[in-house]
Structures are given as structure tokens and as C-alpha cells.
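# Provided below for reference: sequence and predicted model.
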Amino acid sequence: MRAFALAVLLAWALGQVNPQGATLSHTVAPGDTLFSLARRYGTTVEELMRLNGLENFLIQPGQVLKVPGKAEGTHVVAPGDTLFSLARRYGTTVEALMALNGLATSSLKVGQVLRIPAPRDQGEKGAEGQPQGGSPAEPRENGAAPGPTPGPEEPLPSEDYDPESPLLKVVLRYLGLPYKYGANSPTALDCSAFVAQVYAELGVALPRTSREQFRALPPADTLRPGDLVFFSFGGRDIDHVGIYLGRGVFAHASSYGSRVVIESLEAPFYRKAYRGARRVVQEAGK
């Protein structure tokens, strides 16, 4: 009788736990990207690609993806944490965190233990980051491309921004996202992951590294908004990439600035390291 009771108790206890490695499914809706789904389900882009056997960042509406199953969790407040940053990190909202934890104000204390909601269903949108400014960058990424061309000698073209440009709207959503070498997650990106994610949202698959992107795309003799601009801060090899936006500025994930920023391509620091531009074409990821 005792053995039977223990077996029943064990079975009940196991039923209360979401097993490690359990998966759910998500049907891709218009506007979904691997980046937004990783944020919503508290995982990484790489893990989603591994679970689903994906070779690039492109996903299509109606596609059914496996996503990691997660139960409600907890977070111990660290210095610098805010409800906004935690909502962004865990793919929820400030209001949901306050309701779940019975908070009357948005104030947090270091060491405070917060309950974190399980990922929301696919009908809801994940939290989006807020644009913020940047500081001068000194980005680096491994990868070599033989014989890059010297930096430009003539002034750069001065195309105006198109405020309705889908590219610009996507780029602005990434401003302020932290930089981390080799990263490609909802909480951090490196330079080539930023470029690839932006274009994945526009339906174009790009190679993962700056070296591969430089080799795969055709040269752009005259800069246009949307062209990729490449740099070599370590010497001869390509080790950084950004997206030209027009009017002499470009967006990139900066290691020195530690986040995604927009800066002037005409600054001496960048002109010295500039190695040329490449034009993104629909066939780039094929």
C-alpha cells in the first residue's frame, strides 16, 4: 500500500513540472520573425533554428514551428534592472509583471524576487525595444575577405531618409539593443546578426557573418539606402558590417557603443576603416 501511495505521489509531482526540453508549437503569423519569437518564448534564434532544422532566418505565415516549452519562472532583481528592461527580456509587459507580482508602483529593489509569466500565446505581440542614441563605435568580428578595396576618397552621396521605408522602420526597432560578440538573441546581437535579422524581416536571407556577406553580394558603386557597408578595423580583413540609411549615416551593432546605433559614415574613424559596399538582392540567401 505504501509503495502504491508513493507511486501516485511521484506521478502527481511529475505532472506539475514542465519537463526539461519539452516543446510547444507556434503557427507563424504575419509580422512574426525568429527574433520576435525568440523574445516571446524566452529562447534564442539559434535554438529555434536548431529545433526546426532551419538553414536561414526566413519564416513564412502559416509555418508551424517548434518552440521551447516554459513554465512560469522567477527573476532576482539585479542592479540596473527595471520593469521595462525585464518586460523586454522576458517578452511580456510592465503591466503583466506588476499584476503578477502585486506591485503598486514600478519601483524595484535589488534582491527582490519577481514572478515571470510563461510566454504569451501567439496571438499577442512581444515587447519591443525603444530607440536610443549611441556613441562612437569600434566594432570587430572574425572573418576574412581577401583584397578589400581602399576607403572612399570622395564625399558620400546625400540621399534623404524615406520615413516610410520598411527598412528604416525595421532598423529603428533594433536601436539600443545591446551588442555582444557572436550573439544572435533577443537580448544581444553582433554586427552581422543585426544586418541578417533586419533583412530577414524584409524577406531576404543573408549569410551569417560579415565575411560571408561581403563575398556573397554584388558590389555597390554608388551608395543607396539599404546597401551594406563593410569595414576592416583589424587590418586587411573584413570584420564589421552595417546598413547604409542615406544622407551619409549607417546603422550598426557597435562593440564600443555596446548597442545598435546610427552614426555618420563620413567620420574619419569610419572612412579610414571603410572597405566598400555591397547591394542586397533577393537571391542573396539562395
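Thanks, I have it. Numbers count the residues shown, from 1 in each chain.
# what's the following helix or strand after the lowest-mean-pLDDT helix or strand in the chain?
Counting by mean pLDDT, DSSP states H and E, the weakest-scoring helix or strand in the chain turns out to be helix 2-15, with a mean of 44. Using DSSP states H and E, the helix or strand that follows helix 2-15 towards the C-terminus is strand 23-27.
# and that next one, C-alpha only, in PDB?
The C-alpha trace of strand 23-27 is given here as PDB (Å, rounded to 0.1, in the frame of the first residue of the first chain):
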ATOM      1  CA  THR A  23       8.400  21.800 -26.700                       C
ATOM      2  CA  LEU A  24       5.300  23.700 -27.800                       C
ATOM      3  CA  SER A  25       4.200  24.700 -31.300                       C
ATOM      4  CA  HIS A  26       3.700  28.100 -32.800                       C
ATOM      5  CA  THR A  27       2.000  28.900 -36.100                       C
END
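# Give me the mean pLDDT for stretch 58-78.
In this model, stretch 58-78 has a mean pLDDT of 78.
# what does stretch 35-55 give?
Mean pLDDT, stretch 35-55: 79.
# so how many other residues sit close to Leu114?
Burial measure for Leu114: 19 neighbouring residues, criterion other C-beta atoms under 10 Å. Quick note: C-beta positions are derived from backbone N, CA and C, even for glycine.
# ok, and the closest non-adjacent residue to it?
His75 (4.9 Å; C-beta to C-beta, 6 or more residues apart in numbering).
# Who are the packing partners of the one helix or strand the one you found maps to?
Assessed by DSSP H and E, His75 sits inside strand 73-76. Counting contacts by 3 or more C-beta pairs under 8 Å, 6 or more residues apart in numbering; DSSP states H and E, strand 73-76 is packed against strand 113-116.
# Residues in a beta bridge with Ala253, which ones?
With DSSP bridges as the criterion, Ala253 is bridged to Val260.
# Provide the count of other residues in contact range of it.
Taking other C-beta under 10 Å as the definition, Ala253 ends up with a neighbour count of 32.
# The one 5 residues further on now?
By other C-beta under 10 Å, 15 other residues sit near Ser258.
# got the contact list for it?
Contacts for Ser258 (C-beta atoms under 8 Å, 6 or more residues apart in numbering) come out as Pro178, Tyr179.
# Tell me how far it lies from Leu86.
19 Å (C-beta to C-beta, to the nearest Å).
# measure stretch 77-95 end to end?
17 Å (C-alpha to C-alpha, to the nearest Å).
# From here on, call the first residue 44.
All right, first residue 44 from here; so that's stretch 120-138.
# Check which residues of that stretch are buried.
120, 124, 126, 128-137 (16 or more other C-beta atoms under 10 Å).
# what does stretch 253-263 give?
Ser253, Arg254, Glu255, Gln256, Phe257, Ala259, Leu260, Ala263.
# doesn't Arg321 make contact with the fifth one?
This means Phe257. Yes - assessed by C-beta atoms under 8 Å, Phe257 is found in contact with Arg321 at 6.2 Å.
# Touching both of the two, which residues are there?
Common neighbours of Phe257 and Arg321, using C-beta under 8 Å, 6+ apart, are Leu271, Phe273.
# Show the contacting residues for Lys152.
By C-beta under 8 Å, 6+ apart, the neighbours of Lys152 are Val120.
# Relative to Ser228, how far out is it?
Relative to Ser228, and taking C-beta to C-beta, Lys152 is found at 27 Å.
# Also Gln240?
10 Å.
# overlap in contacts of the two?
Contacts common to Gln240 and Ser228, judged by C-beta under 8 Å, 6+ apart, are Val88.
# quick one: which of those two has more around it?
Taking other C-beta under 10 Å, Gln240 and Ser228 do not tie; Gln240 has more neighbours (22 against 18).
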